[in-house]
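Participant: model this:
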Amino acid sequence: NKWISGQTQFQPNIPVSLVLEGTVHGKYSPILLDQLSLKLGSCPQTPSCGFEDGNCNWVQKGEIKWVKGTGISTQGLGITPDHDHTTKSNVGHFLYVDPRDNLGKTAILQYTALQNSTKCLNFWYTSVNNDGFLQVREKYIDGIGNNITESMWEKPRYSLPSWQMAQVNLEAQPDIQGYKIQIYASVGTLNTSVMAIDDVEILEGSCPPFDHCSFERDTCGYGNWINDNFDWIRFSASDESDFDGPPLDITLDSTEGHSFIAPLGGHKIDDTATFMTSLIPKQYRCLVFWYNFWDSSDLVELSVRYMTGGAEDMTLLQIREGPNHQWSIAVVDLLDNGWSNWFALSFEAKLLNDTTDEFVELKSLALDEIYFMDDCDLLTSESPETTTTPTATTNPPPTIIDCDFENSNLCLWEQITETDQIDWNFGNGSTPNRGTGPFEDHSTGGRAGQYIYINSVKSSETQAAALKSPMLPKYETGGCLRFWYSMYGLDVQTLRIVQEDSEFNFWEANGNQGLYWKQGAVHFDK
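Facilitator: Numbering: from 1, shown residues only. Model prediction:
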């Protein structure tokens, strides 16, 4: 469910007509084309590569080569996946390392980045029965002529039994013109190991956070399981579609927003649609997501399973017969079993009845705003024994302090100018000072969305900025203020929430809190 750019080179000696031929099978297998163009000369070089037509701009290095293969061409060897990632078929291409008679040897793909700018390397890999290693390295010559090689990423020891996404931030280096990017593989000690890559892409700017997915930009590396019966798709009510889902998403509360839906029509009882997350570090102990049974609470069951190295897969949560046409939130404590420092989750929609009747063609199950947190206590006061039960809520009504800071708007909040030294600024994308966060706003998950920040570039000494809410009414049951914050940098000091004209401190965070957005919550009495 993603537009892919394609190009092909041709050099006819006589005038020709081109034929675009597509072959489909079944009701839900459309092929879409858009933005055809013809350019004289050679096809432009592209940093995105699915290896369907050469290695693009990646150059072979190392003792052995990465080998191009398909599921059919390598069938029976036991050293490659049975399908590629681009086409999800046994005829699509990928690159793999042949371990036979190559134990301990290295295979390297190298790409030259001519511009010294921050980039995001995005690629898919699979690794099975493999005790070798797979790394991403950055090579450059520093300002005084030294050859520098830095390891930017290494494959975790635990791997999923399917294609999984890796995202690597490649930072711009001072006083250099460009740098080289290497995908560096070393064969281990086993002749039957599997190590393959596909869909390598280099994007300008930093990678999006992996601990939060709003589905506004893409599917965040969440991959549909190839051995299930139907797929999850990215959905927006504003797009023309054969499927139906919630008209408003959670992130934007808009028909322009996106969610992830499992269309249920045309399938049999016990058919499943399953997607898997990428690997998540075990520092996160809490899963939060929103779900919506779109006229389907009696048709489908949602299950979330936990996978990690050294432990059996475990079902964390099963939901059925929830409210129809209503977004509800689920909060789930995560486990800490097994030897691996990484885990992955699978989300499965399983049909409880046949859906071949025409009246259920447009029913679906939708998910949105999947994110991981350090501690579920920030969102729920339930004990750990009960937090695996989903907490069903509706969106709270708007209040006078709600604000997402879009369109450079402080809403009803005011800058305090009498007692502070600096002001909060509006920002989007990365913050001006290198080595601080975030990379994008939280509301939209994109670089165009806005947030407010204190510009540390202008602060040579300790300075403060203060923002004041409108006067709050007395709520009989008190209130809960929720917000997202980022505190990333060596010199970060304090963020606090206080009552005006009082020394009472509701909430406080100190020092570096990590690279990504974190959620805070404050309860105040009536």
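
Participant: Can you pull the poorly scored residue ranges out of the stretch 251-400 of the chain?
Facilitator: 357-361, 378-397 (pLDDT under 70).

Participant: Tell me the spacing between residue 30 and residue 243.
Facilitator: Between residue 30 and residue 243 the computed distance is 11 Å (C-beta to C-beta, to the nearest Å). Where C-beta positions appear, they are placed from N, C-alpha and C, glycine not excepted.

Participant: Next: residue 524.
Facilitator: With C-beta to C-beta as the criterion, residue 524 and residue 243 are 43 Å apart.

Participant: likewise residue 256?
Facilitator: 17 Å.

Participant: Of the two, give the one with the bigger neighbour count.
Facilitator: For residue 256 versus residue 243, neighbours defined as other C-beta atoms under 10 Å are more numerous around residue 243 (18 against 13).

Participant: what about that one, distance to residue 264?
Facilitator: Separation of residue 243 from residue 264 (C-beta to C-beta): 9 Å.

Participant: Common neighbours of the two, please.
Facilitator: residue 364 (C-beta atoms under 8 Å, 6 or more residues apart in numbering).

Participant: Next up, the contacts around the most centrally placed residue in the chain.
Facilitator: Centroid-nearest residue in the chain, with C-alpha atoms, centre = their mean: residue 220, separated by 2.7 Å. If a contact means C-beta under 8 Å, 6+ apart, then residue 220 has 208, 210, 213, 277, 278, 370 as its contacts.

Participant: and of the residues you listed, the nearest to residue 107?
Facilitator: Closest approach to residue 107 among these (C-beta to C-beta): residue 278, at 23.1 Å.

Participant: Would you verify that that closest one is located in a strand?
Facilitator: No: with DSSP: H, G, I helix; E, B strand; the rest coil as the criterion, residue 278 is assigned coil and is not in a strand.

Participant: Give me the buried positions along stretch 367-374.
Facilitator: 367, 368, 369, 370, 371, 372, 373 (16 or more other C-beta atoms under 10 Å).

Participant: Please apply the same query to stretch 71-86.
Facilitator: Quick answer for stretch 71-86 (16+ other C-beta under 10 Å): 71, 74, 79, 80, 81, 83, 84, 85, 86.

Participant: ok, now stretch 300-309?
Facilitator: Of the residues in stretch 300-309, those buried (16+ other C-beta under 10 Å) are 300, 301, 302, 303, 304, 305, 306, 307, 308.

Participant: next one: stretch 185-201
Facilitator: 185-188, 193-201.

Participant: from the middle of its chain, how far away would that stretch be?
Facilitator: 23 Å (C-alpha atoms, centre = their mean, to the nearest Å).

Participant: Then stretch 121-130?
Facilitator: For stretch 121-130, the distance to the chain centre is 16 Å (C-alpha atoms, centre = their mean).

Participant: ok, which stretches of the stretch 1-150 of the chain are strands?
Facilitator: Counting by DSSP state E, counting those that start in this stretch, the stretch 1-150 of the chain has these strands, from start to end: 59-62, 67-69, 94-96, 106-113, 119-128, 133-141, 147-154.

Participant: okay, the angle between the stretch of helix or strand residue 202 belongs to and strand 119-128?
Facilitator: Following DSSP states H and E, one finds residue 202 within strand 194-204. Here strand 194-204 points in a direction 170 degrees away from that of strand 119-128 (axes from the mean of the first three to the mean of the last three C-alpha atoms, to 10 degrees).

Participant: Mean confidence (pLDDT) on strand 194-204, please.
Facilitator: Strand 194-204 shows a mean pLDDT of 90.

Participant: cool, stretch 147-163 as well?
Facilitator: 84.

Participant: Also stretch 90-103?
Facilitator: 90.

Participant: starting at the chain centroid, how far to it?
Facilitator: That offset, for stretch 90-103, works out to 27 Å (C-alpha atoms, centre = their mean).

Participant: Can you list the buried residues in that stretch?
Facilitator: Across stretch 90-103, burial judged by 16+ other C-beta under 10 Å covers 92, 93, 94, 95, 96, 97, 98, 99, 102.

Participant: And that stretch, end to end?
Facilitator: Using C-alpha to C-alpha, to the nearest Å, one end of stretch 90-103 lies 27 Å from the other.

Participant: On the three-state scheme, residue 427 is what?
Facilitator: strand.

Participant: Skip the chain neighbours and tell me the closest residue to it.
Facilitator: Distances taken as C-beta to C-beta, 6 or more residues apart in numbering put residue 453 closest to residue 427, at 4.8 Å, once the chain neighbours are dropped.

Participant: Residue 377 - that's part of a helix, no?
Facilitator: Yes: with three-state DSSP as the criterion, residue 377 is part of a helix.

Participant: who touches it in this structure?
Facilitator: Going by C-beta under 8 Å, 6+ apart, the list of residues near residue 377 is empty.

Participant: Now the helix or strand where residue 519 lies: buried residues?
Facilitator: Using DSSP H and E, residue 519 sits in strand 518-524. Buried residues in strand 518-524, counted by 16+ other C-beta under 10 Å: 518, 519, 520.

Participant: List the pairing partners of that strand within its sheet, with orientation.
Facilitator: strand 479-485 (antiparallel) (DSSP bridges).

Participant: Run through who's touching the helix or strand following the strand it pairs with.
Facilitator: Later in the chain than strand 479-485, the nearest helix or strand by DSSP H and E is strand 494-498. Here strand 494-498 makes contact (C-beta under 8 Å, 6+ apart) with 481, 485, 487, 504, 505, 506, 507, 508, 509, 510, 522.

Participant: List buried residues within the residues you listed.
Facilitator: Counted by 16+ other C-beta under 10 Å, the contacts of strand 494-498 give 481, 487 as buried.

Participant: Please identify which pair of the contacts of strand 494-498 lies farthest apart.
Facilitator: It's 487 and 504 that sit farthest apart of the contacts of strand 494-498, by C-beta to C-beta, at 21.9 Å.

Participant: Just to be careful, could you list which of the buried residues of stretch 367-374 are in strands?
Facilitator: Among these, the members falling in strands (DSSP state E) are 367, 368, 369, 370, 371, 372, 373.

Participant: ok, what's across the strand from the fifth one?
Facilitator: Spelled out, it's residue 371. residue 212, residue 288.

Participant: Show the contacting residues for it.
Facilitator: 211, 212, 213, 287, 288, 289.

Participant: Who wins on neighbours among those?
Facilitator: residue 213 (26 neighbours).

Participant: for stretch 171-183, the distance to its chain's centre please.
Facilitator: That offset, for stretch 171-183, works out to 24 Å (C-alpha atoms, centre = their mean).

Participant: average model confidence for it?
Facilitator: Stretch 171-183 comes out at a mean pLDDT of 78.

Participant: in it, what's buried?
Facilitator: Buried residues in stretch 171-183, counted by 16+ other C-beta under 10 Å: 171, 173, 179, 180, 181, 182, 183.

Participant: re earlier: ok, and what's touching the strand holding residue 519?
Facilitator: By C-beta under 8 Å, 6+ apart, the residues outside strand 518-524 that reach it are 373-374, 378-379, 478-486, 497, 506-507, 509.

Participant: that older thread, can you flag which of the buried residues of stretch 171-183 belong to strands?
Facilitator: 179, 180, 181, 182, 183.

Participant: of those, closest to residue 436?
Facilitator: When these are compared for distance to residue 436 (C-beta to C-beta), residue 179 wins out at 21.9 Å.

Participant: Pull the contacting residues for the closest one.
Facilitator: With contacts defined as C-beta under 8 Å, 6+ apart, residue 179 is in contact with 112, 113, 116, 138, 139, 140, 170, 173.

Participant: is residue 195 in a bridge, and if so with what?
Facilitator: With DSSP bridges as the rule, residue 195 is bridged to residue 127.

Participant: List the contacts of it.
Facilitator: Counting by C-beta under 8 Å, 6+ apart, residue 195 touches 96, 97, 99, 125, 126, 127, 130, 132, 134, 185, 187.

Participant: What is the nearest of the residues you listed to residue 272?
Facilitator: Of the contacts of residue 195, the one sitting nearest to residue 272 (C-beta to C-beta) turns out to be residue 126, at 21.5 Å.
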